[in-house]
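Participant: what follows is a protein structure lacking sequence information:
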Ligand SMILES: [Zn+2]
C-alpha cells in the first residue's frame, strides 16, 4: 500500500519545505518537491494549505493507573484512541512496581494491560517503588526488554517515595547501565506537614492543593536530584515541571554541562491557581495534579513558555492521568473522593488528546514558539530523549510513517463534548483554538481521516527502546 501526501508544507524540527511525502507500507519512502517526481500511489491525501508533521510523541502517560483508591479513567484502548485524534502516534506509559513485588512483575502486568488494546505504538518507563538488591538487578533485565528509563519519587511518602540513599543507589546503577533516571521532584516530606496543618485549620478546598506545595518544595527537590545525579554520574530527566524556580535549577545544571533535562505539560502553561484551582465550589478539583498548577501572579506560566523557547525545557508531555468529576461507569467515584478534603482528591488530569494542538495554539499561534520548535518539543526531542529516533519523531526516508496533516487555520472550540478521552470534563472547556489535526497515519495506516476514526485496538505495537540519544 502506497500513500502519497501531496502539496503540503512538511515541517520537522529542522526544516519547513513545500514537499510531497511518499509512504510505502509502514515507512516513509520519499520526500520531494511537488512536480519533481513521478510517484504513483494507491491513495493520495491532499494537504494543500496544510502542514505535514511527524506524529507526536507523548512520553508521559498513565493509562489505567491505580491512584488513591481508584483508577485513571482512560485505559489503553480509550486513551490511545484519544491520543490518535489529537495527532499523537506514540506514547510511553509508566509500568509500576508495587512495593514488595519485583520490577519484572510490574512490567509484565503493564505489558498485559496494553497488549492487544493500543491503537498506536507504545513503550514503557518503569516506576520503582522499592530500591533494593533485587530491583537494582532487575533494572539491567528491563534494559534488555527495551525499558531504558526508571522513575523515582521524592513525593508521596509511604506510597512511592524513595529516600536520598535509595535514589542515589538507583542513580549509580543508571550510571553503570546507561539508563536515564526520571524524577518526580517535590519535597514530599515537607509537603505532607503543610497538608496536615492546612486540613487542621479547616483549609480543605481544592486550591489548598497548590498552596501546600509551594514552588520551593519543587525547586529544593530539583536541586537535590541534580546534585545526586551529578554525584552518581547518571542522566536525569525531571518530569512535569511547573515552578519557574525549579526550571532555573535545571537551566543552571545544563549551563554546567550536565545531562539534566526537564519537561513541562500543557496544564502548567495554560492553567493557573487563580483561574482554575480557586474556581468556586469543588470545580478546582478538575485541576488537581502534582506538581501543582501554579499562580499566574507569580509568573510561572510565561516563564515556562520562555524556558521552552530557549531549550532550558526540552519536552512537553501530558502526564495524562484523568479522573471523572461524576461517577465513572466502571470505577465509580473519582475526583469526588476529595470533597471536603483536598488531600483525598485523586491527583491527575486529562491531556493526551490536547497537547499537540494546544502547543501549536499557544506556542506558534501566539508567537512564543517557532513552527520547528513546536515539532521539536512535541515529537523529535521526546523520541530522541527516550531512544526512539529516527523511527519516531520526524519525517525522513526510512522513518515510520507516523504523520499528521494539520490545518493551521481551522478555528474550533475545545470541549468535553467533542473530545474522545474517557473523562467527563475538559481542562480547556470553551477555549477558542486555532489549528487542528485532520489526518493521522500510524505506520502508514490512516487512523483519522475525514473526521472519522479507522483504528482498532491492537494496531499499536510495543516499542523496545534504545538508551537516550540526547545526552551531551
Ligand atoms: Zn506522571
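Facilitator: Happy to help now that I have it. Note that the coordinates shown come from a computational prediction; the quantities given were computed from them, not determined experimentally.
Participant: and the helices in the stretch 201-350 of the chain?
Facilitator: Ranges of helices in the stretch 201-350 of the chain, per DSSP state H, counting those that start in this stretch, are 208-211, 215-232, 244-255, 266-270, 300-309.
Participant: what's the pLDDT at the residue nearest the centre of the chain?
Facilitator: Nearest residue to the geometric centre of the chain (Cα atoms, centre = their mean): residue 317, 2.6 Å. You'll see residue 317 listed with a pLDDT of 98.
Participant: what pLDDT does the closest residue in space to it that isn't next to it in sequence get?
Facilitator: In space, residue 317 comes closest to residue 60 once its chain neighbours are excluded; the distance is 3.5 Å by Cβ to Cβ, 6 or more residues apart in numbering. All C-beta atoms are positioned from the backbone trio N, CA, C, and that covers glycine. In this model, residue 60 is scored at 98, pLDDT.
Participant: in terms of secondary structure, what does the helix or strand harbouring residue 60 contact?
Facilitator: Using DSSP states H and E, residue 60 falls within strand 56-61. Judged by 3 or more Cβ pairs under 8 Å, 6 or more residues apart in numbering; DSSP states H and E, the packing partners of strand 56-61 are helix 76-85, strand 88-96, helix 355-359, helix 381-385.
Participant: can these go into TSV with extra columns for distance to residue 442 and mean pLDDT?
Facilitator: Formatted as TSV, the helices and strands packed on strand 56-61 follow (distance: least, Cβ to Cβ, whole Å; pLDDT from 0 to 100):
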stretch	distance to residue 442	mean pLDDT
helix 76-85	7	98
strand 88-96	5	98
helix 355-359	14	98
helix 381-385	14	98
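Participant: what would the ones you listed look like in TSV with distance to residue 394 and mean neighbour count?
Facilitator: Conversion of those to TSV gives the following (distance: least, Cβ to Cβ, whole Å; neighbours: other Cβ atoms under 10 Å):
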stretch	distance to residue 394	mean neighbour count
helix 76-85	18	27
strand 88-96	12	26
helix 355-359	15	27
helix 381-385	7	27
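Participant: can you redo those as TSV with distance to residue 444?
Facilitator: Formatted as TSV, the helices and strands packed on strand 56-61 follow (distance: least, Cβ to Cβ, whole Å):
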stretch	distance to residue 444
helix 76-85	14
strand 88-96	11
helix 355-359	20
helix 381-385	18
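Participant: the bottom helix or strand of this structure by mean pLDDT?
Facilitator: In the chain, the helix or strand scored least confidently by mean pLDDT, DSSP states H and E is strand 66-67, which has a mean of 90.
Participant: where along the stretch 301-450 of the chain do the strands fall?
Facilitator: 315-316, 403-413, 432-442, 445-449 (DSSP state E, counting those that start in this stretch).
Participant: buried stuff in the third one?
Facilitator: Along strand 432-442, these residues count as buried under the neighbour rule (16 or more other Cβ atoms under 10 Å): 433-442.
Participant: what's the farthest-apart pair in these?
Facilitator: 434 and 442 (25.0 Å; Cβ to Cβ).
Participant: and the end-to-end length of stretch 250-259?
Facilitator: 10 Å (Cα to Cα, to the nearest Å).
Participant: who touches it?
Facilitator: 222, 226, 229-230, 234-236, 238, 241, 260-262, 307, 312-313, 471-472 (Cβ atoms under 8 Å, 6 or more residues apart in numbering).
Participant: buried residues in it, which are they?
Facilitator: 250-251, 253-254, 258-259.
Participant: ok, now stretch 161-172?
Facilitator: 161-162, 166-171.
Participant: do stretch 133-145 as well
Facilitator: 135-136, 138-139, 142-143, 145.
Participant: run through who's touching that stretch.
Facilitator: In contact with stretch 133-145 (Cβ under 8 Å, 6+ apart) are residues 97, 102-104, 107, 126, 128, 148, 150, 169-170, 173-174, 177-179, 464, 467.
Participant: PyMOL command to pick out the buried ones of these?
Facilitator: Here is the PyMOL selection string for the buried members of these, based on 16+ other Cβ under 10 Å:
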select buried, resi 97+102+103+104+107+126+128+148+150+169+170+173+174+179+467
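Participant: which of the contacts of stretch 133-145 fall within helices?
Facilitator: Judged by DSSP state H, the contacts of stretch 133-145 include 103-104, 107, 169-170, 173-174, 177 as members of helices.
Participant: let me have those residues in JSON lines, extended by distance to residue 93 and pLDDT.
Facilitator: JSON lines is the format used below for these (distance: Cβ to Cβ, whole Å; pLDDT from 0 to 100):
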{"residue": "103", "distance to residue 93": "15", "pLDDT": "97"}
{"residue": "104", "distance to residue 93": "17", "pLDDT": "97"}
{"residue": "107", "distance to residue 93": "11", "pLDDT": "98"}
{"residue": "169", "distance to residue 93": "25", "pLDDT": "98"}
{"residue": "170", "distance to residue 93": "20", "pLDDT": "98"}
{"residue": "173", "distance to residue 93": "22", "pLDDT": "98"}
{"residue": "174", "distance to residue 93": "20", "pLDDT": "98"}
{"residue": "177", "distance to residue 93": "21", "pLDDT": "97"}
